[in-house]
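> sequence-free structure coming up:
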């Protein structure tokens, strides 16, 4: 396997750890709530998934635990911001710090241990497609879940009444309320589901991609997920592309290191974040007109 294939395979696997929380953040922002606590949801999910898997030996228990841990963070954020009217930016950041502290305390006993990560499953037929097959269709179950979720979220957003209510809540919640809807309930559910996917992204990182736990292992991935939603202009398919772009650059840095390329390690580590900043600079202005109106008002109040 050459370096290009290694980079692309790692890019899809590592990019899924960004894709899942980015899709979750997309759901919440479409309802009009930004959650910078996505980083905290990922941390909680990563530790919850790893701890449950290491303790029980059942990796599916770990996946469920990761999702539930993320959902708790999302529920707390939605209660503070939607029910209590708290500042969305402040709440998200404080929940991130809280999750960082809690996972550092309870995760100490798992530092230095290792588990067998999720096994790859080669999809019959598709796996045999030249070049593309081994990259896209010989991955673990959470990578395939990412593919499915992009399609499902797109369909729900644009082809169902649930998606219409969700998007309407993100634009004009007062209009939804005037027609008998419950915009606060929609926002709470959307943010909680979104953070649940953030926890799933953390699970992909700890038990799907890395196979171990260390403190602050998400390294800002949750904030990258929020940025991906921004420069993807709140569109599911573009979120997929942005997440995999980050994953490919991240994998490229690792492949270069493995091949002994004499580039400063800290520069290689910073490369994925530099690419994200460049993408924001290039694409964020184009997507600004598509920002959900309720989200714009919320951010204006926070500023």
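Sure, I can see it. Note that the coordinates shown come from a computational prediction; the quantities given were computed from them, not determined experimentally.

> for the nearest residue to residue 59 once chain neighbours are set aside, give me its contacts.
Nearest residue to residue 59 in three dimensions, chain neighbours excluded: residue 53, at 5.1 Å (C-beta to C-beta, 6 or more residues apart in numbering). (Each C-beta comes from the backbone N, C-alpha and C, glycine too.) Counting by C-beta atoms under 8 Å, 6 or more residues apart in numbering, residue 53 touches 59, 61, 62, 65, 115, 207.

> reformat those residues as TSV; add distance to residue 246, pLDDT and secondary structure.
Formatted as TSV, these follow (distance: C-beta to C-beta, whole Å; pLDDT from 0 to 100; DSSP: H, G, I helix; E, B strand; the rest coil):
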residue	distance to residue 246	pLDDT	secondary structure
59	25	95	helix
61	29	97	helix
62	24	97	helix
65	25	98	helix
115	25	94	coil
207	20	97	helix
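
> thought residue 252 was touching residue 7?
Yes - because the distance of 4.8 Å satisfies C-beta atoms under 8 Å, residue 252 is recorded as touching residue 7.

> residues contacting residue 66?
Residue 66 neighbours (C-beta under 8 Å, 6+ apart): 44, 45, 46, 48, 49, 52, 199, 200, 202, 203, 206, 207.

> helix, strand, or coil at the first one?
Classification of residue 44 into helix, strand or coil gives helix, according to DSSP: H, G, I helix; E, B strand; the rest coil.

> the helix ranked longest in the chain: which residues count as buried?
Ranked by residue count and defined by DSSP state H, the top helix of the chain is helix 3-30. Buried residues in helix 3-30, defined by neighbour count with 16 or more other C-beta atoms under 10 Å: 6-30.

> before we move on, back to that, model confidence over the helix or strand harbouring the residue nearest to residue 59, on average?
Assigned by DSSP states H and E, residue 53 falls within helix 38-56. Helix 38-56 carries an average pLDDT of 97.

> so what's the backbone phi/psi at residue 108?
phi -60, psi -40 (degrees, to the nearest 10).

> can you check residue 212 too?
phi -160, psi -180.

> and it, how far from residue 194?
Going from residue 212 to residue 194 by C-beta to C-beta, to the nearest Å gives 26 Å.

> residue 148: what secondary structure?
Strictly by three-state DSSP, residue 148 counts as helix.

> now the strands for the protein?
Assigned by DSSP state E, the chain shows strands spanning 121-122, 138-139.

> any regions of the chain where pLDDT drops low?
Residue ranges of the chain with pLDDT under 70: 1, 260-265, 284-289, 298-303.

> can you rerun that using 80?
Scanning the chain for pLDDT under 80 picks out the ranges 1-3, 253-254, 256-269, 280-291, 294-303.

> helices of that one, start to end?
Counting by DSSP H, the helices of the chain are 3-30, 38-56, 59-78, 88-106, 132-136, 141-159, 161-171, 173-178, 183-203, 221-231, 236-258, 265-287, 293-302.

> and those as JSON lines, adding distance to residue 125?
As requested, the helices of the chain are arranged in JSON lines below (distance: least, C-beta to C-beta, whole Å):
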{"stretch": "helix 3-30", "distance to residue 125": "18"}
{"stretch": "helix 38-56", "distance to residue 125": "30"}
{"stretch": "helix 59-78", "distance to residue 125": "26"}
{"stretch": "helix 88-106", "distance to residue 125": "41"}
{"stretch": "helix 132-136", "distance to residue 125": "9"}
{"stretch": "helix 141-159", "distance to residue 125": "14"}
{"stretch": "helix 161-171", "distance to residue 125": "32"}
{"stretch": "helix 173-178", "distance to residue 125": "45"}
{"stretch": "helix 183-203", "distance to residue 125": "27"}
{"stretch": "helix 221-231", "distance to residue 125": "31"}
{"stretch": "helix 236-258", "distance to residue 125": "22"}
{"stretch": "helix 265-287", "distance to residue 125": "33"}
{"stretch": "helix 293-302", "distance to residue 125": "42"}
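
> residue 121 is nearest to which of those?
helix 141-159 (6.4 Å; C-beta to C-beta).

> need the contact partners of that closest one.
Residues contacting helix 141-159 (C-beta under 8 Å, 6+ apart): 12-13, 16, 19-20, 23, 26-27, 30, 63, 118, 121, 123, 162-163, 166-167, 197, 200, 203-204, 208, 236-237, 239-240.

> show the end-to-end separation of stretch 153-171, please.
This stretch, stretch 153-171, spans 18 Å end to end (C-alpha to C-alpha, to the nearest Å).

> so which bits of that stretch are buried?
153, 154, 156, 157, 163, 165, 166, 167, 168, 169, 170, 171.

> picking up where we left off before, give me the more crowded residue out of residue 212 and residue 194.
A count of neighbours by other C-beta atoms under 10 Å puts residue 194 above the other of residue 212 and residue 194, at 30 against 16.
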